[in-house]
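*Asks:* Sequence and predicted model, in that order:
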Amino acid sequence: MTNSEQQDLLVFERRESAVRSYCRAFPKMFDRAVNATIYGADGKEYTDFLAGCASLNYGHNDPDMKQALVDFISRDGIAHGLDMHTNAKRDFLETFHEKILAPRNMDYRMMFTGPTGANAVEAGLKLARKVTGRTNVISFTNGFHGMTLGALATTGNAGKRGGAGMELSGVHRAPFDGYFGDNVDTAEQLDILLSDSSAGIDAPAAILVEAVQGEGGLNVASKEWMQKMQAIAKKHGALFIVDDIQAGCGRTGTFFSFEEMGIEPDIITMAKSLSGMGLPFAVTLFKPELDIWKPGEHNGTFRGNNHAFITAKVAIDKFWSDDQFQAEIQEKSDYLEQRLQSIADKYGFGLKGRGMMMGIDCEDGDAASDICEHAFENDVIVETSGSDDEIVKILAPLTIEKETFAKGLDVIETAFDCTLVDKNQRSAAE
C-alpha cells in the first residue's frame, strides 16, 4: 500500500464509526467498477465475488440501466416522491406484473417500504400480526433477516443479536431443514410442537423462512420441507413468509428462489438486487386479501425510490423477458459447482448452497478467513458466511464474463491450496 493510500484510509479511521466491517477485510480505496471488475483508485483490477452481498446480481453499472437513469435525471425526473403517483412507479409496477408475476401465475400486491431488506421484513411481520391478531413468529436457526429490532429478533446469529442492547422477543426459534442431520424431520417436529397446547409455544402469526440461508451458511431447504412448512403455517392459522432478499432476483437460478418448489407464500420480502443497479430499494409482496393496511399505517420517507424504479424496469425487461438469462445462470451455476466440488473433494470439505450462491465449508472460521485474505491479496474479493464464518462464499455477479469467472475461481483454488498447505505444515511442525 502506498503512502498516499495509507493517508486516504486514515480519513476513515478518524472520521467513520468503528462499526464498519467490509472495509477491514478489503482495505483498499476503490474508485469505479464495471460488471464483475472493481478498480482501485490506483487502477488495479479486482474480480468481485461479493457483488454487494448479492445486491449486484446484474453486475456493476450495467450500461442500459445506467443510460436509462442518466436520461431520467437529465430530464429532471422525479427523484423523491414519497408514495405519490409517478410515471416511473407506474412503469415499474406494470413491468413487474407483466414479466415476473403473470408468467408465474402469481397474484400479489406490492408494498414499497423503506429502502433496505430489513424494512421489508419489518412490514411483513407487522402485517402478519395485524392480520392474525397474534404476536409470535416462528423463525429458524441460522436465519438472517435484518438488523432493526423486529427483524433482528427473528435473526439467529448471537453476535448480531447482541448489538440490540435489549431483550428481543416475540419469536420462537425452530430448527432449519437438516439442522439435526438428514434423518431428522424438523418440519414434523415443529408441527408436533404447535399441535400440543402444553408445548409452551404461542400460536404463531407467521412462519418466516429463507429457501437458502445466505448469511447463515448457505443452508438449503428442500422442496419437500418448504411444502411442509407452508402446510404447517396454514394448518395452524399462520401466514407463510419467504424472505427472498438475498436468494431472489435470479441468484439461485430462477427469479424467485422458491419457484420450482410448488409453494405460494402469503408474503414475500425482496430487496438487494431488485433495483438492478445496487440502488436502495425494497418491497413486501402479499396476497391481495391480506391488504388490510390503513393509509399511512406503515410508511417511511424513502419508500419507493424513483431512480430504482427506472433501473429495476430495465433489469426486468433486459434479463427476464425470456428464458435466455435463466439458461445462462444455470450454465454458470453448473460450472461453479464443478469447480468448487473439485476443491472441496481435495480437502474433504462439503459444498453448500444452490445456484450462484455456493460455497465451501472449511469447518474452521480462521481457515476460511485466511483463504479470503489470500484471495484478496491476489485480486479477488470474496467473503465468508456461517455461524463461525467457516464458509468461503462465492457471490459473483450473474452476468460475470466466463473468462473472468474462470480466472477468479483459479485464484480461489490457489488460495485454498496455499492457505491449507501452509496451515498443515505449521500444525505438523508444532
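*Replies:* Structure's in. What do you need?
*Asks:* Tell me which residues touch Ile192, please.
*Replies:* Ala199 (CB atoms under 8 Å, 6 or more residues apart in numbering). (Each C-beta comes from the backbone N, C-alpha and C, glycine too.)
*Asks:* does it count as helix, strand or coil?
*Replies:* helix (DSSP: H, G, I helix; E, B strand; the rest coil).
*Asks:* Check the gap between it and Ala174 for me.
*Replies:* The gap separating Ile192 from Ala174 is 11 Å, by CB to CB, to the nearest Å.
*Asks:* Then Tyr108?
*Replies:* In this view, Tyr108 and Ala174 are 25 Å apart by CB to CB.
*Asks:* Please apply the same query to Gln246.
*Replies:* Separation of Gln246 from Ala174 (CB to CB): 20 Å.
*Asks:* Could you do Thr86 as well?
*Replies:* Thr86 is 41 Å from Ala174, by CB to CB.
*Asks:* In the lengthiest helix in the chain, which residues are buried?
*Replies:* Taking DSSP state H as the criterion, the chain has its longest helix at helix 402-429. Residues Thr404, Phe405, Gly408, Leu409, Val411, Ile412, Glu413, Ala415, Phe416, Cys418, Thr419, Leu420 are the ones in helix 402-429 that count as buried (16 or more other CB atoms under 10 Å).
*Asks:* So for Ser275, what's the pLDDT?
*Replies:* Residue-level confidence at Ser275 comes out at 98, pLDDT.
*Asks:* Next one: it relative to Gly124, how far apart?
*Replies:* Distance from Ser275 to Gly124, counting by CB to CB: 19 Å.
*Asks:* Quick one: mean pLDDT over the strand or helix carrying Cys53.
*Replies:* Using DSSP states H and E, Cys53 sits within helix 51-54. Throughout helix 51-54, pLDDT has a mean value of 96.
*Asks:* And the contacts of it?
*Replies:* 36, 57, 59, 214, 246-247, 249, 251, 272-273, 278, 357, 383, 395-397.
*Asks:* swap in stretch 150-164?
*Replies:* Residues contacting stretch 150-164 (CB under 8 Å, 6+ apart): 118, 121-122, 125-126, 137, 139-147, 149, 168-171, 173, 208, 215-216, 387.
*Asks:* same deal with stretch 84-94?
*Replies:* The contact list for stretch 84-94 (CB under 8 Å, 6+ apart) reads Phe72, Gly77, Ile78, Gly81, Met110, Phe112, Gly304, Asn306, Phe309, Ile310, Ala312, Lys313.
*Asks:* one step back: how much distance is there from the longest helix of the chain to the middle of the chain?
*Replies:* Helix 402-429 sits 26 Å away from the centroid of its parent chain (CA atoms, centre = their mean, to the nearest Å).
*Asks:* can you start the count at 310 instead of 1 from here on
*Replies:* Okay, using 310 as the starting number, the last item reads as helix 711-738.
*Asks:* looking just at contacts, which helices and strands does that helix meet?
*Replies:* With contacts taken as 3 or more CB pairs under 8 Å, 6 or more residues apart in numbering; DSSP states H and E, helix 711-738 sits against strand 354-357, helix 633-656, helix 674-686, strand 689-690, strand 700-703.
*Asks:* which other residues reach the last one?
*Replies:* For strand 700-703, contacts defined as CB under 8 Å, 6+ apart pick out 358, 526-527, 645, 649, 661-662, 665-671, 677, 680-681, 691-694, 718, 721, 725.
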